[in-house]
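# when you get a sec, could you give me coordinates for this:
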Amino acid sequence: MRRLSYLSYFAWAAKYIAMGIATMMLVIGCSRDTQLQNNEVIRRSPSQANVLQIWWDKGYYPQEDEALAKVVSNWEQKTNHQVKLSFYTNDELSQKTQRAIQAGDPPDILMNDGGDRTIGALAWQGKLADVSGVIEPVEDLIDRTMLSSVYLYNNVAKKQSYYAIPIHVSIPHIFYWRDLLQQIDKKERDIPQDWDGFWQFWQQAQQPIQTQQQQDIYGIGLPLSVAATDTYEIFEQILEAYNVEIVDLEGNLQVDNSEVRQGIINCLDWYTKFYLQGFVPPDAVDWLNPDNNRSLLNYQVVMTPNNSLSIPAALGKDSQEYQDKLVTAGYPKKPSGEQMKYIALVRQAIILKEAPHQKLAQEFLSYLIQPEIIGNYLKAAGGRFFPVNEKSWTDPFWTDPADPHISTAARPFLNGQTRLSHTALNPAYSLILKEGIWGQALNSIVTDKVSAEQAADRAIAQIEKIFTEWKY
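Here you go, the predicted model:
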């Protein structure tokens, strides 16, 4: 087996477990505007023996759920096993999982859109099954960055191993309306690719577009709310742009370094100036996860960053908006002039240690992650997320220039321009998201009028407290 010299969790402890399993459960509820729903595809009665229970994050679009249901149906026919497949929204999945574990009746397989941010903590606590038997037969096909996200330390077993299955991955992108730029005689080639010039372009585009449209359209759609996961994810990408490393490669906290502190101050100041100068919608301080998508789709902003292809997917591939009007683009070069590194958000499936049908669960996941099976699943799901295995990338679906969004979004993967989220380096880092540290800091600057320096120092104190409580 190929081992990864990637990190060690030996320096971290399980003191945080005492705060209760509910605070570190498998998923972080990403707030959505829809009411909680529960769609279940029941293959056989769950009361029967050997019925595999799969709980999966409900897709943004019906074809995502339909794609997985087809995979499950094919596996049932192939193996003659029985499956109960259930789809839940993030919040419902979080609540239901906690109740199921407390009742001693957990699902066999769990997959959640935000699970990548807490899986390291669960592995540390010894709550996940070792899935090396699933990964090892195909590990040579899986990108090393993606493998690193599931090669975790178990402080109970005192070992590193594979404790999750990488299913798909996404990275940040920029989305904007080509037709709005055309109204002011601008084209894609007019957009600078240096850092300052890129963002100034959208500031300068706002007023002439407002004049043309005779309505308020804002140049930039940046979320600043505490509740939106997008706030955390986009701000983390800005930290990457400015080479601000909150933790080092061994997961050690670096905020006591004066350069890191100054970097946080600079990024907070940079991020909030667009709002304070009137280039971001006033309600961005209250946005939930779908709201930057909606603002762009409703022509309320000219451009917005987003961490998946959910915006073009909402349009439908045959629409004129998808083919001609909406543009998917990469970030500009870093302020230093370096090429951008994109934070890869890997979504993983897990088997809980107390799951009743672990062998069956591993058999299904071994089937799912075969390159042809997982590749067809992701394609049928609309291409909103990308494959983690290198063999799937040979499928022209991901690079066909006839699809202007998927082919553009694929380039950073093919060019090796990705890195893992810091949650993979230290499980304590997931609490920066869970507690909304960056959202609190940004919101305090634009709402409470505190300085970027004050907001940074408060955020640093919160982060230090999190990491201190995590240690022995």
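# quick check: phi and psi on the spatially most central residue of the chain?
By CA atoms, centre = their mean, the chain has its centre lying nearest to L345, at 4.1 Å. Dihedral pair for L345: phi -100, psi 100, per degrees, to the nearest 10.
# who's it bridged to?
S170 (DSSP bridges).
# go on, the one 4 residues further on?
For A349, the residues forming beta bridges with it (DSSP bridges) are M111, I165.
# and it, how far from G316?
Using CB to CB, to the nearest Å, we find A349 at a distance of 28 Å from G316. Every residue, glycine included, has its C-beta placed from N, CA and C.
# looking at the two, which is more packed in?
Shown here are A349 and G316; by other CB atoms under 10 Å, A349 has more neighbours (26 against 13).
# for the residue nearest to the centre of the chain, what are its contacts?
Applying CB atoms under 8 Å, 6 or more residues apart in numbering, we find L345 in contact with 116, 169-171, 233, 307, 421.
# by pLDDT, rank the residues you listed and give me the bottom one.
Across the contacts of L345, the smallest pLDDT goes to D116, namely 60.
# now the contacts of L345 in JSON lines, with neighbour count and distance to M340?
Conversion of the contacts of L345 to JSON lines gives the following (neighbours: other CB atoms under 10 Å; distance: CB to CB, whole Å):
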{"residue": "D116", "neighbour count": "26", "distance to M340": "21"}
{"residue": "V169", "neighbour count": "23", "distance to M340": "16"}
{"residue": "S170", "neighbour count": "22", "distance to M340": "15"}
{"residue": "I171", "neighbour count": "25", "distance to M340": "10"}
{"residue": "E233", "neighbour count": "24", "distance to M340": "15"}
{"residue": "N307", "neighbour count": "20", "distance to M340": "14"}
{"residue": "S421", "neighbour count": "20", "distance to M340": "15"}
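# low-confidence stretches in the protein?
Scanning the chain for pLDDT under 70 picks out 1-49, 114-117, 471-472.
# domains in it, by residue range?
Per the record, the chain has its domains at 15-170+345-418, 173-342+427-470, by automatic domain parsing.
# pretty sure L122 contacts I350?
Yes: with contacts counted by CB atoms under 8 Å, L122 reaches I350, the gap being 7.3 Å.
# more crowded one of those two?
The neighbour comparison of L122 against I350 (other CB under 10 Å) goes to I350, with 27 against 24.
# ok, for the more buried one, nearest residue in space, not its chain neighbours?
Excluding the flanking residues, the one nearest I350 by CB to CB, 6 or more residues apart in numbering is A164, at 4.9 Å.
# burial count for the nearest residue to G375 once chain neighbours are set aside?
In this structure, G375 finds its nearest non-sequential neighbour in S392, 4.0 Å apart by CB to CB, 6+ apart. S392 sits with 22 neighbouring residues when counted by other CB under 10 Å.
# residue contacts, Q320?
Taking CB under 8 Å, 6+ apart, we find Q320 in contact with no residue.
# next one: it from N293, what distance?
Counting by CB to CB - Q320 and N293 are separated by 19 Å.
# got it, and E390?
Applying CB to CB, the value for E390 to N293 is 30 Å.
# what of A241?
22 Å.
# ok, which stretches of the stretch 301-450 of the chain are strands?
301-306, 326-329, 342-350, 418-420 (DSSP state E, counting those that start in this stretch).
# okay if I get these as a markdown table plus distance to Q82?
A markdown table is the format used below for those (distance: least, CB to CB, whole Å):
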| stretch | distance to Q82 |
| --- | --- |
| strand 301-306 | 38 |
| strand 326-329 | 41 |
| strand 342-350 | 19 |
| strand 418-420 | 36 |
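# out of the ones you listed, which is closest to P396?
Closest to P396 of the strands of the stretch 301-450 of the chain is strand 326-329 (CB to CB; 17.8 Å).
# output that closest one as CSV, nothing but the C-alphas.
Taking Å, rounded to 0.1, in the frame of the first residue of the first chain, the C-alpha atoms of strand 326-329 are listed here in CSV:
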residue,chain,number,x,y,z
LEU,A,326,-23.2,33.3,-18.6
VAL,A,327,-19.4,33.0,-18.3
THR,A,328,-17.5,30.7,-16.0
ALA,A,329,-14.0,31.9,-15.4
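# renumber starting at 166 from here on
Sure, I'll start counting at 166 from here, so that last one is strand 491-494.
# on contacts alone, who are the packing partners of it?
If contacts are counted by 3 or more CB pairs under 8 Å, 6 or more residues apart in numbering; DSSP states H and E, strand 491-494 sits against strand 338-342, helix 475-478, helix 571-579.
# make JSON lines out of these and add distance to G362 and mean neighbour count.
Listed next are the helices and strands packed on strand 491-494 as JSON lines, based on distance: least, CB to CB, whole Å; neighbours: other CB atoms under 10 Å:
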{"stretch": "strand 338-342", "distance to G362": "14", "mean neighbour count": "22"}
{"stretch": "helix 475-478", "distance to G362": "24", "mean neighbour count": "23"}
{"stretch": "helix 571-579", "distance to G362": "20", "mean neighbour count": "19"}
